[in-house]
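Asks: Dropping the sequence and predicted coords here.
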Amino acid sequence: MKDFGECLQCGNPISDAHSSCPFCGSSEIEVSREDLRVRKIDIGHNNWTVNQAKTALEREIGISIKGLDDFLVVVHGRGSSGKGGEIKVMVQDLARAMVGMKRLRDFISGEHLTKSSGAAKRVSTNYPSIKQLKEWNSRNPGLSILIF
């Protein structure tokens, strides 16, 4: 990731590594949407097995890492048909493992994409630019957002 924010209080540039301004301490950071590198993939509506979906997801994560994407929005489905649920669990398990291996910075599942959830508060404090995504505050259990 790269520097792309500006403090709304003092005007200094802010690295995405900071959740608040290192100059004045403000957490009000302006992020330019066009500076974000976001990709979206759908692995839940292709009639794939869990293994096929996992292979596709791993490939896309590799592309995002090499392409220096900021976020990868993964549409995995809600799980109402059974397969979607298994794919959703696989995505979240893989994301947790990759965070542990430090290949991902973080992730958030769609059902936690609401201003009031603890996970959303944690993620938006650490990565304020996530609030610029159209999926933010959607409460969509059919997707997860991976953070690079």
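Replies: It's in. Numbers count the residues shown, from 1 in each chain.
Asks: hey, let's count contacts and neighbours off CA atoms from now on
Replies: Fine.
Asks: Walking through the protein, point out its strands one by one.
Replies: Secondary structure of the chain, counting by DSSP state E: strands at 5-7, 13-14, 29-31, 38-42, 71-75, 106-109, 143-147.
Asks: which of these sits most buried?
Replies: Neighbour counts (mean count of other CA atoms under 10 Å) averaged over each of the strands of the chain peak at strand 143-147, with a mean of 25.
Asks: what's around Ala120, how many residues?
Replies: Using other CA atoms under 10 Å, Ala120 is surrounded by 24 other residues.
Asks: Now do the closest residue to Asn140 other than its chain neighbours against Asn137, distance only.
Replies: Nearest residue to Asn140, sequence neighbours excluded (CA to CA, 6 or more residues apart in numbering): Gly110, at 4.6 Å. Look at Gly110 and Asn137: by CA to CA, to the nearest Å, they are 9 Å apart.
Asks: do Thr49 as well
Replies: 29 Å.
Asks: same deal with Ile147?
Replies: 16 Å.
Asks: picking up where we left off before, mean pLDDT lowest for which of the strands of the chain?
Replies: Lowest mean pLDDT of the strands of the chain: strand 29-31, a mean of 55.
Asks: quick one, what contacts the closest residue in space to Gly77 that isn't next to it in sequence?
Replies: Leaving aside its sequence neighbours, Gly77 sits nearest to Gly142 (CA to CA, 6+ apart; 4.0 Å). Gly142 makes contacts with 75-79, 88, 110-111, as judged by CA atoms under 8 Å, 6 or more residues apart in numbering.
Asks: Including distance to Lys131, could the residues you listed go into TSV?
Replies: Output for the contacts of Gly142, formatted as TSV (distance: CA to CA, whole Å):
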residue	distance to Lys131
Val75	18
His76	21
Gly77	22
Arg78	22
Gly79	26
Lys88	22
Gly110	13
Glu111	15
